[in-house]
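*Asks:* No letters, just coordinates:
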């Protein structure tokens, strides 16, 4: 599983990256977390608001920062539906 955090570096983007890495560590599922801050690459995902979360090339959330607990649920659900 590859998880991408899209954002140019604002406080919310940094928080989402930190929460995502914590959620992945707590889940222990071996997912790879990448931080994408290149605006051209972010635009390719057609995201209107950042931060955004992409799991296995599918945008699953944007425009807000969920809690670590909610992120764990999101990651678990996507993993189940693979």
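*Replies:* Cool, got the structure. These figures come from a predicted structure and were not determined experimentally. Residues are numbered from 1 along each chain as shown.
*Asks:* use CA for all of it now, contacts and neighbours both
*Replies:* OK.
*Asks:* how far away is residue 43 from residue 58?
*Replies:* 14 Å (Cα to Cα, to the nearest Å).
*Asks:* ok, and for the strand or helix carrying residue 60, which residues are buried?
*Replies:* Per DSSP states H and E, residue 60 falls inside strand 58-62. Residues 59, 61-62 are the ones in strand 58-62 that count as buried (16 or more other Cα atoms under 10 Å).
*Asks:* Summarise which helices and strands that strand is packed against.
*Replies:* Applying 3 or more Cα pairs under 8 Å, 6 or more residues apart in numbering; DSSP states H and E, one finds that strand 58-62 contacts strand 52-55.
*Asks:* Could you pull out the buried residues of the strand it packs on?
*Replies:* Neighbour count says strand 52-55 has 52-55 buried, by 16+ other Cα under 10 Å.
*Asks:* do the same with stretch 5-22
*Replies:* In stretch 5-22, counting by 16+ other Cα under 10 Å, buried: 5-9, 12-17, 19-22.
*Asks:* ok, now which ones touch the closest residue to residue 79 other than its chain neighbours?
*Replies:* Once flanking residues are discounted, residue 79 sits nearest to residue 1: 7.6 Å by Cα to Cα, 6 or more residues apart in numbering. Residue 1 is in contact with 30-32, 55-56, 79, counting by Cα atoms under 8 Å, 6 or more residues apart in numbering.
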